[in-house]
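Student: need a structure here:
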Amino acid sequence: MKNGKDFIYEYSDLNLFKTRVKVLTGEYADTILEFGGSMLTQWEDKNKFSFEYELFQIPANLKDVKLRGNPEFEKFLAYLLVDVISARKKDKKEYNKLMQAASAAGAPTCQIKIDPRFYENKVAA
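Tutor: Have a look, this model is predicted:
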């Protein structure tokens, strides 16, 4: 998947250091989520890639589908996360974006809009 074509991403204006992603193409187009921490672990000689995510928007055609815990969806997300990380590594402005997100002001208002109800419990600085 390619940044700007299949997905877009940015630092969250809601959750410090989380990355908001909007899927632009494919079966999960118009899904908006935020990735949190991720790690690669090894248990009994098996590698496992685990990551946190929070769904903020899913398209109408998936409203009746259970996505959390769905192996196909979570495999898609794992590949998406790897592609987001790869895009970040190639972004010459990434360091500045990270410093802005880490500042007292936090990330600027996101371009990937989510429902205002998610901001109801956010404490103003």
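Student: residue ranges with poor pLDDT in this structure?
Tutor: For the chain, residues meeting the criterion pLDDT under 70 lie at 122-125.
Student: Against the centre of it, work out the most remote residue.
Tutor: In the chain, the residue that sits farthest from the middle, by Cα atoms, centre = their mean, is residue 44; the gap is 29.3 Å.
Student: From residue 18, how far out is it?
Tutor: Counting by Cβ to Cβ, to the nearest Å, the separation of residue 44 from residue 18 is 31 Å. Using the backbone N, CA and C atoms, a C-beta is placed for each residue, glycine as well.
Student: Please apply the same query to residue 60.
Tutor: With Cβ to Cβ as the criterion, residue 60 and residue 18 are 25 Å apart.
Student: tell me which residues form a beta bridge with residue 54?
Tutor: Residues in a beta bridge with residue 54, per DSSP bridges, are residue 34.
Student: please begin residue numbering at 37 from this point
Tutor: Got it, first residue is 37 now, which makes that one residue 90.
Student: Comparing residue 96 and residue 54, which shows the higher neighbour count?
Tutor: Using other Cβ atoms under 10 Å as the criterion, residue 96 and residue 54 rank with residue 54 on top: 20 against 7.
Student: what residues are up against that one?
Tutor: By Cβ atoms under 8 Å, 6 or more residues apart in numbering, the contact list for residue 54 reads 47, 48, 70, 71, 72, 90.
Student: Let me know how buried residue 136 is, in neighbour terms.
Tutor: Around residue 136 there are 14 residues (other Cβ under 10 Å).
Student: Give me the phi and psi angles of it.
Tutor: The phi/psi pair for residue 136 (degrees, to the nearest 10) reads phi -60, psi -50.
Student: for residue 96, same thing?
Tutor: The phi and psi values for residue 96, taken as degrees, to the nearest 10, are phi -60, psi -40.
Student: Ok, residue 76 next?
Tutor: Residue 76 adopts backbone torsions of phi -110, psi 120, taken as degrees, to the nearest 10.
Student: so where does the residue nearest to it when sequence neighbours are not counted fall, helix or strand?
Tutor: In space, residue 76 comes closest to residue 85 once its chain neighbours are excluded; the distance is 5.3 Å by Cβ to Cβ, 6 or more residues apart in numbering. Assessed by DSSP states H and E, residue 85 sits inside strand 82-93.
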